[in-house]
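Enquirer: Could you look at this predicted model? Sequence included:
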Amino acid sequence: MEIRDMVRERTEDYAEIYVSVFNGAPWNESWTKEKAVRRIQDMMETNTFSGLALMDGEEVCGMIWGQKEQFYNGIHFQIQEFCIRSGCQGKGYGPRLLQAFTDRLKELGVTRIYLLTCPGKRTEGFYLSHGFHRSGSTIIMSCSN
């Protein structure tokens with residue numbers, strides 16, 4: 001396994017993994033490949049984007065990406081997506097990719113990393129076991145428009 005920068009030329013490959021992971025449990029979303037391609041392209045086109053892909057030869061096995069933001073107390077980074085292809089899960093690749101990414105963010109001067117996830121052992125539990133904690137100062141609120 002090798003960890004590489006995400007590149008626009010692999011957007012279709014990233015979208016396939018995105019759809020297969022997020023349309024399954026625990027998210028059970030309804031992504032199409034076309035919508036996933038659009039989301040990934042939109043994210044990658046910003047100048048604040050950073051992302052890594054986990055590669056097995058030329059096959060994409062996982063990816064993690066997000067955006068950096070300037071705050072009054074330093075540079076914050078929101079991990080927007082992190083997924084590992086189902087056939088690659090349970091082999092320690094997720095922790096390896098997360099660590100490589102947090103190391104990269106440290107090199108970029110990021111002082112705080114945050115993310116949104118759904119509750120549960122596979123999601124929140126994963127992050128809790130890798131040094132993340134529930135924020136006591138922020139809540140998520142939403143509204144359908």
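Expert: Good, I have the coordinates.
Enquirer: Quick check: which ranges of this protein have low pLDDT?
Expert: 120-129, 131-132, 141-144 (pLDDT under 70).
Enquirer: At which residues are the helices of it located?
Expert: 11-22, 33-44, 93-107, 124-128 (DSSP state H).
Enquirer: Tell me which of these lies nearest to residue 1.
Expert: Among the helices of the chain, helix 93-107 comes nearest to residue 1, with 6.3 Å by C-beta to C-beta. Every residue, glycine included, has its C-beta placed from N, CA and C.
Enquirer: mind listing what's buried in that closest one?
Expert: Buried residues in helix 93-107, defined by neighbour count with 16 or more other C-beta atoms under 10 Å: 93, 94, 97, 98, 101, 102, 104, 105.
Enquirer: now these as JSON lines including distance to residue 41?
Expert: JSON lines is the format used below for the buried residues of helix 93-107 (distance: C-beta to C-beta, whole Å):
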{"residue": "93", "distance to residue 41": "25"}
{"residue": "94", "distance to residue 41": "24"}
{"residue": "97", "distance to residue 41": "21"}
{"residue": "98", "distance to residue 41": "24"}
{"residue": "101", "distance to residue 41": "20"}
{"residue": "102", "distance to residue 41": "25"}
{"residue": "104", "distance to residue 41": "21"}
{"residue": "105", "distance to residue 41": "22"}
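Enquirer: Just the closest of these to residue 46, please.
Expert: residue 105 (15.7 Å).
Enquirer: Skipping adjacent residues, who's closest to that closest one in space?
Expert: residue 77 (5.3 Å; C-beta to C-beta, 6 or more residues apart in numbering).
Enquirer: before we move on, back to that, residue 57: which of the helices of the chain is closest?
Expert: helix 11-22 (12.2 Å).
Enquirer: now the angle from that closest one to helix 33-44?
Expert: For helix 11-22 against helix 33-44, the angle by axes from the mean of the first three to the mean of the last three C-alpha atoms, to 10 degrees is 110 degrees.
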